[in-house]
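Chemist: coordinates only, no sequence provided:
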């Protein structure tokens, strides 16, 4: 059909046909309508068809006609240089560009003067709003000047409870990790956390709460002799896993609250000549692209949904970002690889 | 002294005193004057003193007074989401901010329509220049519109040989890696490359050339039986290291042309019950922050100078970025950890 309308370019109908989905699906995927849920595969096929056909939305056509795009400000503490959180920028920019907007990005490294100057500049360039992003999930104080513009806190929460925020659902992630092990038949599930529970770190507190919740759902409770508190490095994973695995009644599975801790647990298992997953199952958290797929065996872990979070923050801005203090939790999907199987002797 | 001039803020003299260097050094470090060379330690002390004292240059004072900063455009293919190249943005932004300029950053993911719209927008906002950055070192075609503005290619080279560019010195890096092993007393030095030599990848070709050059300087030449060509993954490092280390006359050291290949070589050594560095020394390349310091023993490797490259690209822009086709090579420093010692039997 595109051949008959040489000047009009591909339509949404063409994209739907190429992706093998309905036009409504194309529209919902491209507009990230809240509440609409599609599989990664469906989303990917739509985006692939858009790329292949060179489909442009009205917003793009306007930018191409007028030669200038509007902007959204994006202030990050160290997001661009954190090895993984950069995907947040990818998601935010992708969603902004679907509306014909570009990101004006500043990485402040925590420099408050740079932050203030960046904000002034963004406001003077009349950005449509500002995304205020952090490299890891925490509670933080937002700059006063954000009060004058639609603003969203991304990967952290406004300590004052005013700005809306988008964060990973740490409790759901910890729950999914533990439930995956319970469903494989494990009942003695160790946990190596990345900080103590009186930490302010939502990852440490929330993932533990999810672990507790999943155990409770299976009619059991936390056994303190199976719980350890490290500091997030592989050396702590190694030391605590050594202790757990050489104890008189060792766990058959360990939930390591980040991938680096899991890497340490792999080293301990290797030193003890224990096979993963046959002697001990391991689940990590973070799905670090430089680590989790490269361990032997590949690490089953939870993914931090950086791209989806970046997209959602821009969605909220585009909807006006009312300062209602809401905290939107984004699911951390389970990524299955080869580090989990059922325990040797079923209890 | 600052106490006597409460409204004036700290001076360059105060910074020099706090850093324990001369005022000239402070000025040269902060202005990244070409040709001036300071150790990382000196640079760090100056920047720490600047941060601690809250020292502001005239450029900052102007921004704070006028409430709006000028901008430099930064177009990257996937720089922000590449796990490590994000440090390029950090360097560029740090240097721009010293002159009171902000970066308008766009990550195009290779989307040419986004790239064109971004450039139009940057030009309409009258950016002082554009940095065109790539996530890995290669030769690329730059967009036509860059001809209308001062522009620098970063971490890649303009195939047309017009725009100035800043890239890592791959030959020097390969040379430094090999020389480090030669100086430790090794003569049978294996090499596991990341692509074949007819590749277009400057890292594969240049690091090999440096290996050849260092061997020649020590009066020896490349022994083809010690050279392997993988594809950059740890599985290739593992397979090729297994072959090399189980051959009748194995190398006493292996230069792995990236850190992931070195990780595979570690796995092979572990499986063969060979100790690193006592049985075999290993050098990597890239200094990946999530990998090299965490291997056991810590991996001696070469660092890609991302921050320095980002700073230098902005320097060149600020100097007008004449389209003279020059390619500036930046040193890849050796980062010594624990994976190299002298060979067991000196030859």
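Modeler: Looks like it arrived, so ask away. As the structure is a prediction and not an experimental result, all values here were calculated from the model.
Chemist: for the closest residue to residue A:169 other than its chain neighbours, what are its contacts?
Modeler: Computed as CB to CB, 6 or more residues apart in numbering or on different chains, the closest residue to residue A:169 that is not its neighbour in sequence is residue A:329, at 3.7 Å. Quick note: C-beta positions are derived from backbone N, CA and C, even for glycine. With contacts defined as CB atoms under 8 Å, 6 or more residues apart in numbering or on different chains, the neighbours of residue A:329 are A:167, A:168, A:169, A:172.
Chemist: distance between the ends of stretch A:180-190?
Modeler: Stretch A:180-190 stretches 13 Å from its first residue to its last (CA to CA, to the nearest Å).
Chemist: from the chain's centre, how far out does it sit?
Modeler: Stretch A:180-190 has its C-alpha centroid displaced from the chain centroid by 24 Å (CA atoms, centre = their mean, to the nearest Å).
Chemist: re earlier: TSV for the contacts of residue A:329, including pLDDT and neighbour count?
Modeler: Listed next are those as TSV, based on pLDDT from 0 to 100; neighbours: other CB atoms under 10 Å in any protein chain shown:
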residue	pLDDT	neighbour count
A:167	97	22
A:168	97	27
A:169	98	19
A:172	98	20
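Chemist: could I get those residues as CSV with secondary structure and distance to residue A:109?
Modeler: As requested, those are exported to CSV (DSSP: H, G, I helix; E, B strand; the rest coil; distance: CB to CB, whole Å):
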residue, secondary structure, distance to residue A:109
A:167, strand, 21
A:168, strand, 23
A:169, coil, 28
A:172, helix, 31
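Chemist: export those to a markdown table and append columns for distance to residue A:123.
Modeler: As requested, the contacts of residue A:329 are exported to a markdown table (distance: CB to CB, whole Å):
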| residue | distance to residue A:123 |
| --- | --- |
| A:167 | 25 |
| A:168 | 29 |
| A:169 | 32 |
| A:172 | 36 |
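Chemist: does the residue nearest to residue A:169 count as helix, strand or coil?
Modeler: strand (DSSP: H, G, I helix; E, B strand; the rest coil).
Chemist: what bridges to it?
Modeler: With DSSP bridges as the criterion, residue A:329 is bridged to residue A:167.
Chemist: likewise for residue A:106?
Modeler: With DSSP bridges as the criterion, residue A:106 is bridged to residue A:75.
Chemist: can you pull the contacts of it?
Modeler: Residue A:106 is in contact with A:73, A:74, A:75, A:76, A:114, A:115, A:118, B:93, B:102, B:103, counting by CB under 8 Å, 6+ apart.
Chemist: for residue A:197, grab the count of nearby residues.
Modeler: For residue A:197, the count of nearby residues is 12 (other CB atoms under 10 Å in any protein chain shown).
Chemist: that one: which element?
Modeler: For residue A:197, there is no enclosing helix or strand under DSSP states H and E.
Chemist: how is the residue in the stretch 201-347 of chain A positioned nearest to chain B assigned, secondary-structure-wise?
Modeler: Closest residue of the stretch 201-347 of chain A to chain B, CB to the nearest CB: residue A:290 (4.8 Å). Following three-state DSSP, we place residue A:290 in the coil state.
Chemist: quick check: pLDDT value at it.
Modeler: On pLDDT, residue A:290 comes in at 87.
Chemist: residue A:346 too?
Modeler: Predicted confidence (pLDDT) for residue A:346: 50.
Chemist: before we move on, the earlier item: I figured the residue of the stretch 201-347 of chain A closest to chain B hits residue B:289, correct?
Modeler: No - contact criterion CB atoms under 8 Å: residue A:290 and residue B:289 do not qualify, at 9.2 Å.
Chemist: find the residues that touch each one of the two.
Modeler: Listed as contacting both residue A:290 and residue B:289 by CB under 8 Å, 6+ apart are residue A:83.
Chemist: check the gap between the closest residue to residue A:186 other than its chain neighbours and residue A:180 for me.
Modeler: Counting by CB to CB, 6+ apart, residue A:253 is the residue found nearest to residue A:186 once chain neighbours are left out, at 4.2 Å. Separation of residue A:253 from residue A:180 (CB to CB, to the nearest Å): 9 Å.
Chemist: what does the stretch 101-250 of chain A put close to chain B?
Modeler: A:102-107, A:109, A:111, A:113-114, A:116-118, A:120-121, A:124-125, A:233-234 (CB under 8 Å from any CB of the partner chain).
Chemist: which pLDDT value does the model give residue A:153?
Modeler: Looking at residue A:153, its pLDDT is 97.
Chemist: got phi/psi on it?
Modeler: Main-chain dihedrals, residue A:153, degrees, to the nearest 10: phi -90, psi 130.
Chemist: do I have it right that residue A:128 meets residue A:74?
Modeler: No - using CB under 8 Å, residue A:128 is not in contact with residue A:74, being 11.6 Å away.
Chemist: what ranges do the helices span in the stretch 1-150 of chain A?
Modeler: Secondary structure of the stretch 1-150 of chain A (DSSP state H, counting those that start in this stretch): helices at A:12-19, A:23-31, A:40-53, A:58-66, A:86-98, A:112-124.
Chemist: and those helices: which comes nearest residue A:312?
Modeler: Nearest of the helices of the stretch 1-150 of chain A to residue A:312, taken as CB to CB: helix A:86-98 at 8.0 Å.
Chemist: show me what the closest one is packed against.
Modeler: Here helix A:86-98 touches strand A:70-76, strand A:101-107, strand A:130-133, helix A:306-318, strand B:101-107, going by 3 or more CB pairs under 8 Å, 6 or more residues apart in numbering or on different chains; DSSP states H and E.
Chemist: next, the angle from the last one to strand A:70-76.
Modeler: Compare the direction of strand B:101-107 with that of strand A:70-76 by axes from the mean of the first three to the mean of the last three CA atoms, to 10 degrees and you get 100 degrees.
Chemist: orientation of strand B:101-107 relative to helix B:86-98 in degrees?
Modeler: Angle of strand B:101-107 versus helix B:86-98, following the same axes, to 10 degrees, is 150 degrees.
Chemist: quick check: buried residues in strand B:101-107?
Modeler: Residues B:101, B:102, B:103, B:104, B:105, B:106, B:107 are the ones in strand B:101-107 that count as buried (16 or more other CB atoms under 10 Å in any protein chain shown).
Chemist: closest one of the residues you listed to residue A:160?
Modeler: Relative to residue A:160, and with distances defined as CB to CB, the nearest of the buried residues of strand B:101-107 is residue B:102, at 26.3 Å.
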